[in-house]
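Peer 1: Below is the sequence, then the predicted model.
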Amino acid sequence: MSYNPYENMLNVLEKAAGMLGLEKSDYEELKYPERELKVSIPVRMDDGSIRVFEGYRVQHSSSRGPCKGGIRFHSQVDIDEVKALAAWMSLKCAIANIPYGGAKGAVKVDPRSVSHAELERITRRYTAAIFPLIGPERDIPAPDAGSTSEMMGWIMDTYSMMKGYSVPGAVTGKPIGIGGSLGRSEATGRGILFTARELFHRLGRELQGACIAIQGMGNVGGTTARLMFREGCKVVALADISGGVINYEGLDAEALYQHCYINRNFLESYNAPGVIHCTSEDVLCADADLLIPAAMENQLTAEIAPNVKAPLIVEAANGPTTVEGDEIFAKMGKYIVPDILANAGGVVVSYFEWVQNTQSLMWDEEQVNGMLEKTMRRAFAEVLNKAKEYNTTLRLGANMVALERLVTAKRIRGIFP
């Protein structure tokens, strides 16, 4: 049976609702997105031909505020993936206790397969297609896998041109020069660092000196590796779509970040003394204290899980662990910090950016990072307390925290008409 991320989300949601003793009527609405939009994106390519791309925007819940979620550019994306990502955003925003609901968007294209000019035309036409659904009071897009701050600038400009005036709050993750927030580009990775630090602290251990394995060298994985390296961790294994590298004496994460994220190279072309090239699966199964899956969903499956050596896992990607993989990890005694808690740093600082835009403010990076750490530590404590109260995993504890807040908002607002 093929993996369906939305079914994966529903499975965990049902378990959490059952543990809370909720009636079906309490959370039935949360099983269905409020809106699903599929759009055709005709674009004139550089050679003069016309190609039509497929795009999506899904709004899962607006009970707690405007919808919020990134835009993924990927050749294999489909509507079930976007629905799952939108639902996870609703849960994530509720756990962080910021006044947003969840949404997600996507364009079915490999951004590396088109020219820079073609990518801009695709992005702008997609923005025009979803224009009726988005806006600073309705639904605020942001970067995701395959999209960049530059592309968010194109979205902001396109939206503003269609409104007739500048609307910086229409999108977050923008360049600083047009209203982006200091600290936003590193926010998800920094949130992972804060989460890992809190996890080790709660276990009575020091993060400094710990051996870390990370799958993913995009903005999230690369930033996490670099920040962990600066924290004094030993980054021993890294992977991207081309494969992985391992050095149990420690990798130079700063050099690897420069090689992969800044210079746009793959790990397969990286060479340094002591570096051994391997597969992405080898990185997931590396001998480390902490594993951080920071690539795509559906990575830690029933086939991979039994071979994972790291006792601690902090999920930086969305949905990296399948239900079956989770069950195996529980039997193995693994300690897992779920994605909807661990990678919330991006949306938290996106919220800070939106607040700055709507109030015409500009905060310094120290203030942004300080508020992010406070938010992540509070969310971790609330999830941990819930998990202890019900003698369950952090994943179910996180889902219970989120469900309680979403259900409460639904109850207060009622059903219209």
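Peer 2: Received it, and whenever you're ready, just let me know what you need.
Peer 1: Now do the strands in the stretch 201-350 of the chain.
Peer 2: 211-215, 234-240, 243-246, 276-278, 290-293, 312-314, 335-337 (DSSP state E, counting those that start in this stretch).
Peer 1: Let me have those strands in TSV, extended by distance to Met89 and mean neighbour count.
Peer 2: The C-beta positions use only the backbone N, C-alpha and C, and glycine is treated the same way. TSV is the format used below for these (distance: least, Cβ to Cβ, whole Å; neighbours: other Cβ atoms under 10 Å):
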stretch	distance to Met89	mean neighbour count
strand 211-215	22	27
strand 234-240	25	25
strand 243-246	29	22
strand 276-278	33	14
strand 290-293	18	28
strand 312-314	19	23
strand 335-337	18	22
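Peer 1: Name the residues linked to the residue lying closest to Met228 once chain neighbours are set aside by a beta bridge.
Peer 2: Distance criterion Cβ to Cβ, 6 or more residues apart in numbering; nearest residue to Met228, sequence neighbours excluded, is Ile212 at 5.2 Å. Ile212 has these beta-bridge partners by DSSP bridges: Val235, Leu290.
Peer 1: Next, the contact list for Ile212, please.
Peer 2: Contact analysis of Ile212 by Cβ atoms under 8 Å, 6 or more residues apart in numbering lists 225, 228, 233-237, 288-292.
Peer 1: In those, find the pair that's most separated.
Peer 2: Ala225 and Asp289 (14.7 Å; Cβ to Cβ).
Peer 1: Can you pick out the residue with more neighbours from these two?
Peer 2: Ala225 (31 against 19; other Cβ atoms under 10 Å).
Peer 1: Was I right to think the more buried one contacts Gly218?
Peer 2: No - using Cβ atoms under 8 Å, Ala225 and Gly218 do not qualify as a contacting pair, with a distance of 10.7 Å.
Peer 1: Distance of Arg112 relative to Tyr248?
Peer 2: Distance of Arg112 to Tyr248, given as Cβ to Cβ, to the nearest Å: 32 Å.
Peer 1: Comparing those two, which residue is more hemmed in?
Peer 2: Tyr248 (14 against 10).
Peer 1: Quick one: residues contacting the spatially closest residue to that one that is not a sequence neighbour.
Peer 2: Leaving aside its sequence neighbours, Tyr248 sits nearest to Val236 (Cβ to Cβ, 6+ apart; 5.2 Å). Shown in contact with Val236 (Cβ under 8 Å, 6+ apart): 211-213, 246-248, 250-251, 286-288.
Peer 1: Looking at those residues, spot the one nearest Gly346.
Peer 2: Nearest to Gly346 among these: Ile212, at 19.7 Å, using Cβ to Cβ.
Peer 1: so what pLDDT did that closest one get?
Peer 2: Here, the pLDDT recorded for Ile212 equals 98.
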